[in-house]
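Peer 1: Sharing a model that was predicted from the sequence below.
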Amino acid sequence: MVPLISLNNGVRIPQLGFGVFQVPEDQVAGAVTTAIEAGYRSIDTAAAYRNESGVGDATAGVPDLFITTKLWNSDQGYDSTLRAFDASMARLRRDVLDLYLIHWPVPSRDLYAETWRALEQLYADGRVRAIGVSNFQTRHLQRLFDEFPTTPAVNQIELHPLLQQEEMRKVHVTHRIVTEAWSPLAQAQSALLRDPDITGLAEKYAKTPAQIVLRWHVQLGNVVIPKSVTPYRIKENIDIFDFELAQDDMTVIAELDNGTRTGPDPDRFNVV
């Protein structure tokens, strides 16, 4: 059973979900169906992934799911955000969304505050159960704290043992924002999963390297959304709740942090 994490408005999100970044539209419905059958109850997509329709096909009529999608950069702005939300909801075939995120701050456009006002309106209208952001740095969050009454429920950031984001996580704790980790394995074929410390722990606990890293996330309190289209890996990634890493082993993983990003720097990513 996947634990549930309470957001700052009382809505609860499964601590481990299924991500569909880079999963093609013609494969995503099958992958999501496999995930649901394996026990996942949280599915994370985005308008930019171009697979919301497939997610909608796989999740329509399935009870007790938590669905997240994200607003793409070119749709930022008050009115355009509301239109983009309607389009995502049509593709997802949902009346109410569980979590809606601003995908990137896009500092060059300086529209994320106006966009946040639109998300607050969607939340006030009952069209989304919780609102949050993705890839926001401290200064982006601070502007929202200063200008708006609603604190983001979630900040979804790149986070893995090579990029542990300790300072961001402290900011999140202070403001009761849930940390959600994307690229939680530093990419599936990364050197992280071949690191001797990680492979040594995998041998010690009779688990895979990926399971060790995902268990580390869970014990830190992160929400985590691993991605795979391979059925055995989809099942493997959720099989992490029957063991616990000792504190000494958590410390071993903590020492792997070297600031390595697998994705863009949010302060410089302005693609629309």
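Peer 2: Arrived safely, thanks for sending. Numbers count the residues shown, from 1 in each chain.
Peer 1: Excluding chain neighbours, what is closest to Ser88?
Peer 2: Thr69 (5.1 Å; C-beta to C-beta, 6 or more residues apart in numbering). Backbone N, C-alpha and C define where each C-beta goes, glycine included.
Peer 1: is it true that the one you found touches Glu52?
Peer 2: Yes. Counting by C-beta atoms under 8 Å, Thr69 sits close enough to Glu52 to count as a contact (6.2 Å).
Peer 1: Need the residues touching each of the two.
Peer 2: Residues touching both Thr69 and Glu52 (C-beta atoms under 8 Å, 6 or more residues apart in numbering) are Thr45, Ala46, Ser88, Leu92.
Peer 1: who are the neighbours in contact with the last one?
Peer 2: Okay, so that is Leu92. With C-beta under 8 Å, 6+ apart, Leu92 has these contacts: Thr45, Glu52, Ser53, Val55, Gly56, Thr59, Ile67, Thr69.
Peer 1: Read off the pLDDT value for it.
Peer 2: Leu92 is assigned 98 on the pLDDT scale.
Peer 1: and the gap between it and Asp44?
Peer 2: 12 Å (C-beta to C-beta, to the nearest Å).
Peer 1: that older thread, give me the number of residues near the residue nearest to Ser88?
Peer 2: Close neighbours of Thr69, defined as other C-beta atoms under 10 Å, add up to 28.
Peer 1: What average pLDDT does the helix or strand where it lies get?
Peer 2: Per DSSP states H and E: Thr69 is located in strand 66-71. Confidence for strand 66-71, expressed as mean pLDDT, is 98.
Peer 1: Which strands or helices does that strand pack on?
Peer 2: strand 42-44, helix 52-59, helix 78-92, strand 97-102 (3 or more C-beta pairs under 8 Å, 6 or more residues apart in numbering; DSSP states H and E).
Peer 1: Give me the secondary structure label for the residue located most distally from the centre of the chain.
Peer 2: The C-alpha centroid of the chain is most remote from Lys204, which lies 28.7 Å away (C-alpha atoms, centre = their mean). Under the three-state scheme (DSSP: H, G, I helix; E, B strand; the rest coil), Lys204 adopts helix.
Peer 1: From Pro196, how far out is it?
Peer 2: Separation of Lys204 from Pro196 (C-beta to C-beta): 12 Å.
Peer 1: what comes into contact with the strand holding Thr69?
Peer 2: In contact with strand 66-71 (C-beta under 8 Å, 6+ apart) are residues 13-14, 17, 41-48, 52, 55, 59, 81, 84-85, 88, 92, 94, 97-103, 115, 119, 134.
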